[in-house]
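>>> For reference, the sequence and a predicted model appear below.
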Amino acid sequence: MRNVSGHMAAGLMLAGALLVAGCERETAGDATTAAAPPPAKVSVVTLEPQPVEIATTLPGRASPYQIAEVRPQVTGIMQERLFREGADVKQGETLYQIDPAVYRAAYASAEAELAQAEASLVSVQNKARRNEELVRTNAVSRAAYDDAVAALGEAKAAVEARKASLAAAKINLDYTTVKAPISGRIGRSAFTAGALLVANQPEPLTTIHQLDPIYVDVTQSSAVLLKLRRNLADGSYERVDPNRAEVELTLEDGSTYSHSGTLEFADVTVSQSTGAVTLRAIFPNPDGILLPGMFVRAEIKAGVDPDGILVPQRGVTRDPKGNAIALVVGKDNKVEQRSLTTDRTVGDHWLVTEGLAAGDQVIVEGLQKARPGAVVEAMEFENKSVADASAGSEPVRR
């Protein structure tokens, strides 16, 4: 019986050992399975080349198309002001009336002097004609005839001088009526009725600004301008027709100006203090919304990148040195890190010139799960707002 009991105990001990060993193998297998998790899921945007408008947004200020400072051209007492301050005036419209009495008298005197000279001319002409007939028969001396001819010349010259004096008197008389030299909006009057005005005085009576059309002057870095011209020259950008280069305005309150303008010219000099070049655009201003000195932001469309690569900003990060980088799903679904060269932004996208190409899948969601070299499961990003922006519907802004 003891032998039987011993054998039974030994059998039970062996079974227990086998059971423990089996449990340990099962536990080890579960640990091996937990050590190999499934690939992380990430969302990607597949890049496609597309035409991208190259536009630069610059600060600027509005300035009048024409400015005329109105000054008196004769001296006298102002009788009345004939315009409403701040109103629109037409070219040739009377603005001020200067007392014309002195100039009217001068004109009448010049008229009388001309009539006297013309009467003297008739007498001298008759005398010269008679002497011309008499000198043929030797009835008068040749010297007398020459004197008559000379007197005739002097009389004609006197008439011309009196005509010039009359014209000058007429001009001065007309200048007593001060008229608008251009059409536009007139400012405040610096003088009132009864004031003594002096010809060509330094202080203007008032100022007229022509506001329709109106200029907008903006400044751009000469370095940026050189880069743009270089890209246009080497064919990286397609040139926009200068006669149709559009400019859009954003006003101080953030609203968009309803009329688009055209680029007129770039200045020929660079500011030594700022290193910037002044650009001038012209805009229609029928409603008078734009006023001289108003601050605006102008978006100038300078060219087109025919094969632009737009990358959502959420897919671009920075390394410790501040360089732009992106994670891309490459061969065998492995994550690759790319160093990027970015040109500028368009909406919530970067325009990338180096580091990415058409067909690359840029990770935009799940970046915290993706590491260079790791295998991931990529799904196309479905955020429509980003997808629509990547379609190049917005111009590039700087």
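It's in. Residues are numbered from 1 along each chain as shown.

>>> Identify the bridge partners of Ala380.
No Ala there; residue 380 is Glu. Glu380 has these beta-bridge partners by DSSP bridges: Val44.

>>> ok, it touching Val42?
No: Glu380 is not in contact with Val42 according to C-beta atoms under 8 Å; the separation is 10.6 Å. Placement of C-beta: from N, CA and C, glycine included.

>>> Please enumerate the helices of the stretch 201-350 of the chain.
222-233 (DSSP state H, counting those that start in this stretch).

>>> Tell me where it is predicted with low confidence.
Applying pLDDT under 70 to the stretch 201-350 of the chain flags the ranges 222-225, 227-245, 266-272, 302.

>>> hmm, try it at 80
220-246, 263-277, 300-305, 343, 347 (pLDDT under 80).

>>> State the distance from Ser43 to Gly184.
Distance of Ser43 to Gly184, computed by C-beta to C-beta, to the nearest Å: 58 Å.

>>> and the two? which has more neighbours close in?
A count of neighbours by other C-beta atoms under 10 Å puts Gly184 above the other of Ser43 and Gly184, at 22 against 19.

>>> mind checking the SS state of the closest residue to Val218 other than its chain neighbours?
Using C-beta to C-beta, 6 or more residues apart in numbering and skipping the chain neighbours, the partner closest in space to Val218 is Gly60 (3.2 Å). For Gly60, the assignment made with DSSP: H, G, I helix; E, B strand; the rest coil gives strand.

>>> which is the next helix or strand following the helix or strand Ala119 falls within?
For Ala119, the host element (DSSP states H and E) is helix 101-136. Next in sequence after helix 101-136, counting helices and strands by DSSP H and E, comes helix 142-175.

>>> Can you give me the neighbour number for Asp332?
So Asp332, with other C-beta under 10 Å, has 6 neighbours.

>>> From what I see, it and Val375 are in contact.
Yes: in this structure, Asp332 is within contact of Val375 by C-beta under 8 Å, at 7.0 Å.

>>> ok now stretch 75-92, how far from the chain's centre?
How far stretch 75-92 lies from its chain's middle: 34 Å, per C-alpha atoms, centre = their mean, to the nearest Å.

>>> For that stretch, the averaged confidence score.
Average pLDDT, stretch 75-92: 94.

>>> before we move on, what about stretch 153-160?
90.

>>> before we move on, the earlier item: determine the set of other helices and strands touching the helix holding Ala119.
If you count contacts as 3 or more C-beta pairs under 8 Å, 6 or more residues apart in numbering; DSSP states H and E, helix 101-136 packs onto helix 142-175.

>>> Now do the buried residues in whichever helix or strand comes after the helix it packs on.
Counting by DSSP H and E, the next helix or strand C-terminal to helix 142-175 is strand 177-179. In terms of neighbour count (16 or more other C-beta atoms under 10 Å), strand 177-179 has its buried residues at Val178, Lys179.

>>> average pLDDT across strand 177-179?
Averaging pLDDT along strand 177-179 gives 96.

>>> which residues touch that strand?
Val70, Pro72, Gln73, Gly92, Glu93, Thr94, Leu95, Tyr96, Gln97, Ile98, Pro100, Leu205 (C-beta atoms under 8 Å, 6 or more residues apart in numbering).

>>> Pull the number of nearby residues for Ala105.
That count, for Ala105 with other C-beta under 10 Å as the rule, works out to 12.

>>> Can you tell me how far Lys369 is from Val376?
In terms of C-beta to C-beta, Lys369 sits 7 Å off from Val376.

>>> which of those two has more neighbours?
Counting neighbours by other C-beta under 10 Å for Lys369 and for Val376 shows that Val376 has the greater number, 20 against 14.

>>> Double-check that that one belongs to a strand.
Yes: judged by three-state DSSP, Val376 forms part of a strand.

>>> My guess is it contacts Val335. True?
Yes: taking contacts as C-beta under 8 Å, Val376 lies within contact range of Val335: 5.8 Å.

>>> okay, and the common contacts of these two?
Val329, Ile363, Ala370.

>>> Just give me the closest of the residues you listed to Ala119.
Closest approach to Ala119 among those (C-beta to C-beta): Ile363, at 104.2 Å.

>>> Show me what that closest one is bridged to.
Applying DSSP bridges to Ile363 gives these bridge partners: Val44.

>>> Just give me the neighbour total for it.
Using other C-beta under 10 Å: Ile363 sits among 23 other residues.

>>> ok, it - contacts?
Val42, Ser43, Val44, Gly315, Ala326, Leu327, Val328, Val329, Val335, Ala370, Val376, Ala378.

>>> thinking again about what came up before, and Glu380 and Val42? which has more neighbours close in?
Val42 (24 against 10).

>>> Specify the local secondary structure of the more buried one.
strand.

>>> wait, isn't it in contact with Val375?
No: using C-beta under 8 Å, Val42 is not in contact with Val375; the gap is 10.8 Å.

>>> Once you drop chain neighbours, what's closest to Arg188?
Going by C-beta to C-beta, 6+ apart, Arg188 has Glu85 as its nearest residue, at 4.9 Å.

>>> and stretch 281-291, how far from the chain's centre?
On C-alpha atoms, centre = their mean, the centre of stretch 281-291 falls 13 Å from the chain's centre.

>>> ok, residues contacting it?
Contacts of stretch 281-291 (C-beta under 8 Å, 6+ apart): 62, 65, 185, 211-216, 218, 247, 249, 251, 257, 259-264, 296, 298, 300.

>>> got the buried residues for that stretch?
Neighbour-count burial for stretch 281-291, counted by 16+ other C-beta under 10 Å, picks out Ala281, Ile282, Phe283, Asn285, Ile289, Leu290.

>>> quick check, nearest of the residues you listed to Leu121?
Ile282 (55.8 Å).

>>> what bridges to the closest one?
Tyr215, Thr262.

>>> State the distance from it to Gln313.
Ile282 sits 34 Å away from Gln313, taking C-beta to C-beta as the criterion.

>>> do the same with Leu249
25 Å.

>>> With neighbour numbers in mind, choose between the two.
Higher neighbour count among Leu249 and Gln313: Leu249, with 23 against 17, using other C-beta under 10 Å.
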